[in-house]
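> Would you be able to build a 3D model of this:
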Amino acid sequence: IPCAIKVASAAPNTPRPSPATIQRSIKIFKMDEKKISQKTLNKSFNLWFWGALTCFSQEQMQTFGYLASMLPIIKELYPDKKKQQENIHAYTAFFNTNPMLGSVIIGTTASLEEARANGKGIDGETINDMRAGLMGPIAGIGDSLIDGTLIPILLGIALGMSRNGSPVGAIFYIIAWSLIAYFGQRFLYFRGYKLGDKAVDILVGTQGKAIRKAISIVGGMVVGGVLASWVSVTTSLKLRDSSGRVFMDLQKQLDNIYPGLLTVIVTFLCWWLMAKKHVSAIWTMIILIGVAFLGVLVGFFNPGLSY
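Okay, here's the model as predicted:
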């Protein structure tokens with residue numbers, strides 16, 4: 001079409017194509033262009049949502065889940081079986097990222113695969129390079145944003161609803177997390193498909209950094225509220241004189257200095273072990289159990305148990 005217009009403009013005596021002719025030509029061109037249907041996109045997303053960790057292993061991790069989510073797209077874009085085999089090979093390489101935010105990578109590669117099917121200069125190597133380059137950043141952002149912020153916020157709210165053994169908190173968490181996970185991943189998948197590689201800039205660019213910082217601040221406030229409401233460390237140590245009269249109650253003295261001081265000390269101990277010494281959460285819990293055991297033996301803690 002551009003060539004026809006260019007020739008018409010170059011030759012004054014050549015009649016220009018009418019607007020109707022140009023519109024018909026554009027329509028025919030668009031009809032020849034391959035487009036992924038909404039049904040196939042929905043199927044691809046659902047395969048990723050339900051099967052991102054399918055056949056998970058230390059060697060392949062999320063590769064098979066990613067491969068399965070791209071199969072419907074490959075089948076629709078390439079009716080020829082040989083073409084399908086050639087183009088699906090791009091998705092057999094190692095893949096691992098945060099499953100929730102990782103859906104934006106699946107949507108983006110769906111868009112790139114559509115461009116490759118239409119001969120727009122995209123090849124399998126380009127798709128692999130993009131995917132490999134995004135796995136790490138998306139995993140880091142997702143793990144801190146979802147596992148380190150969103151889930152603790154939801155759990156903190158759920159714990160507040162579960163006082164006195166109420167099942168409302170558990171029900172709230174199951175429903176809230178299921179809805180956020182499904183519709184959040186769906187939004188990211190289709191946003192990635194619509195915007196292509198531009199969708200990634202929203203997550204890793206300046207705007208994404210500002211959003212993550214705001215959410216992390218809110219998450220820190222919620223975790224601090226949960227800590228103040230649910231964690232309580234007190235001592236039962238009391239000093240007595242020769243007549244058995246208590247002349248110093250250590251817990252009362254600590255409360256006069258700083259209420260909840262032992263709770264703060266234990267909290268900072270856990271933070272120091274995990275953040276500074278890179279001790280795992282399991283070993284941190286084992287250390288706390290050991291401290292509690294020794295504290296009970298020397299009389300610093302009183303579990304309030306009777307035998």
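> Number of residues surrounding K43?
Residues within reach of K43, counting by other C-beta atoms under 10 Å, total 17. In short, each C-beta sits where N, CA and C put it, glycine included.
> ok, it to G51 distance?
Summarising the geometry, the distance separating K43 from G51, computed by C-beta to C-beta, to the nearest Å, is 12 Å.
> cool, L250 as well?
The span separating L250 from G51 equals 56 Å under the rule C-beta to C-beta.
> likewise S232?
Note on S232: its distance to G51, by C-beta to C-beta, is 43 Å.
> same question, W272
Here the distance between W272 and G51 works out to 40 Å (C-beta to C-beta).
> Please identify which of the two sits among more neighbours.
Neighbours were tallied for W272 and for G51 using other C-beta under 10 Å; the higher tally belongs to G51 (16 against 12).
> can you map out the helices along this protein?
Listed in chain order, the helices of the chain (DSSP state H) span residues 2-10, 19-32, 38-51, 63-77, 81-88, 103-117, 124-142, 151-161, 168-195, 198-204, 206-230, 250-257, 261-271, 281-298.
> Dump those helices into JSON lines; add distance to G304 as well.
Conversion of the helices of the chain to JSON lines gives the following (distance: least, C-beta to C-beta, whole Å):
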{"stretch": "helix 2-10", "distance to G304": "84"}
{"stretch": "helix 19-32", "distance to G304": "75"}
{"stretch": "helix 38-51", "distance to G304": "46"}
{"stretch": "helix 63-77", "distance to G304": "48"}
{"stretch": "helix 81-88", "distance to G304": "62"}
{"stretch": "helix 103-117", "distance to G304": "48"}
{"stretch": "helix 124-142", "distance to G304": "42"}
{"stretch": "helix 151-161", "distance to G304": "22"}
{"stretch": "helix 168-195", "distance to G304": "25"}
{"stretch": "helix 198-204", "distance to G304": "49"}
{"stretch": "helix 206-230", "distance to G304": "17"}
{"stretch": "helix 250-257", "distance to G304": "14"}
{"stretch": "helix 261-271", "distance to G304": "16"}
{"stretch": "helix 281-298", "distance to G304": "10"}
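> Of all those helices, which one comes closest to S242?
Minimum separation from S242 across the helices of the chain (C-beta to C-beta) falls at helix 250-257, 18.9 Å.
> Kindly spell out which helices and strands sit in contact with the closest one.
Based on contacts counted as 3 or more C-beta pairs under 8 Å, 6 or more residues apart in numbering; DSSP states H and E, the elements that helix 250-257 packs against are helix 261-271.
> Just the angle for the helix it packs on relative to helix 250-257, thanks.
Inter-element angle recorded for helix 261-271 and helix 250-257: 90 degrees (by axes from the mean of the first three to the mean of the last three C-alpha atoms, to 10 degrees).
> buried set for helix 261-271?
By neighbour count on 16 or more other C-beta atoms under 10 Å, the buried set for helix 261-271 is L261, L262, T263, V266, T267, C270.
> Which of those residues lies at the shortest distance from R240?
L262 (20.9 Å).
> just to revisit the earlier point, Throw the buried residues of helix 261-271 into TSV and include distance to K83 and pLDDT, thanks.
Formatted as TSV, the buried residues of helix 261-271 follow (distance: C-beta to C-beta, whole Å; pLDDT from 0 to 100):
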residue	distance to K83	pLDDT
L261	69	87
L262	67	88
T263	63	88
V266	61	90
T267	58	88
C270	55	88
